[in-house]
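[1] sequence? don't have it. structure:
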């Protein structure tokens, strides 16, 4: 029966998603299927796909996934990059922050290996913008937000991370010209059936898709 479904699921997830979107999904899963245990492994975008392909995990939540016959990809949600502002910053008076306006700012950016940083760097190249060495780089969203809160620079982070109140005291503004969007997807090995426990987790994730 559904109530009796149990087992262990190994899940690879982007740190930004693991810290924000994932916990309420797992809480809902546990309420429905108390016998299912989920082991979560943080990984950068390339690592998520590698862990799924290797069979180390059954499911992954990643982004920037290149076409690969070994994996099946199902979109979960899309978010956009926002400028996270230290208290009293002049951008608080703006409705949005054009990307070129960030060129002269002290910036708090994610690690160069992260999908968030890859998207930011690509957008900068599109507009011919050269970013000086960032003021700070961080691997985890919570660290980046704390650095912004300490006044060390303007952060560029996914809206989902900030919207879910990692730090409700900081103001954010959408980055525009161009907008920087990130598509988050569920990843599984192609042609492989999932365990009942993994099927339940996948169902919970898909059920919580926006819209």
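    Structure received. No experiment lies behind these values; they were computed from the predicted model shown.
[2] from here on, contacts and neighbour counts on C-alpha atoms
    OK.
[3] which other helices and strands contact the longest strand along the chain?
    The strand of greatest length in the chain, counted in residues with DSSP state E as the criterion, is given as strand 71-85. Under the contact criterion of 3 or more C-alpha pairs under 8 Å, 6 or more residues apart in numbering; DSSP states H and E, the helices and strands touching strand 71-85 comprise helix 45-54, helix 141-149, strand 154-158, helix 159-163, strand 171-176, strand 181-189.
[4] can you pull out the residues in contact with the helix or strand just after it?
    Of the helices and strands lying after strand 71-85 in sequence (DSSP states H and E), the nearest is strand 97-98. Contact partners of strand 97-98, identified using C-alpha atoms under 8 Å, 6 or more residues apart in numbering, comprise 83, 91, 173, 174, 175, 176, 177, 178.
[5] distance of residue 64 relative to residue 145?
    With the distance defined as C-alpha to C-alpha, to the nearest Å, residue 64 ends up 23 Å from residue 145.
[6] next one: residue 170
    Summarising the geometry, the distance separating residue 170 from residue 145, computed by C-alpha to C-alpha, is 9 Å.
[7] overlap in contacts, the two.
    residue 84.
[8] model confidence over the longest strand of the chain, on average?
    Rounded to a whole number, the mean pLDDT of strand 71-85 is 93.
[9] same deal with stretch 129-136?
    Taken as a whole, stretch 129-136 has a mean pLDDT of 86.
[10] how about residue 100, secondary structure?
    What DSSP: H, G, I helix; E, B strand; the rest coil gives for residue 100 is helix.
[11] residue 170 and residue 145: which is more packed in?
    Neighbour count, other C-alpha atoms under 10 Å: between residue 170 and residue 145, residue 145 has more, with 27 against 16.
[12] in this structure that one contacts residue 155, no?
    Yes - the pair residue 145 / residue 155 is scored as a contact, 7.2 Å apart, by C-alpha atoms under 8 Å.
[13] which residues are common contacts for the two?
    In terms of C-alpha under 8 Å, 6+ apart, residue 145 and residue 155 are both contacted by the residues residue 84.
[14] so who does residue 49 touch?
    Taking C-alpha under 8 Å, 6+ apart as the contact definition, residue 49 lies against 60, 62, 65, 71, 187.
[15] what do you get for residue 44?
    By C-alpha under 8 Å, 6+ apart, the residues touching residue 44 are 13, 14, 15, 113, 114, 115.
[16] rewinding a little: buried only: go through the contacts of strand 97-98 for me.
    83, 91, 173, 174, 175, 176 (16 or more other C-alpha atoms under 10 Å).
[17] mind putting those in TSV, distance to residue 208 included?
    Rendered in TSV, the data for the buried ones among the contacts of strand 97-98 read as follows (distance: C-alpha to C-alpha, whole Å):
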residue	distance to residue 208
83	26
91	33
173	25
174	24
175	26
176	27
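[18] right, and the pair among those residues with maximum separation?
    For these, with distances taken as C-alpha to C-alpha, the pair at the greatest spread is 91 and 176 (13.1 Å).
[19] chain center to stretch 124-133, what's the gap?
    Between the centre of stretch 124-133 and the centre of its chain there are 22 Å (C-alpha atoms, centre = their mean, to the nearest Å).
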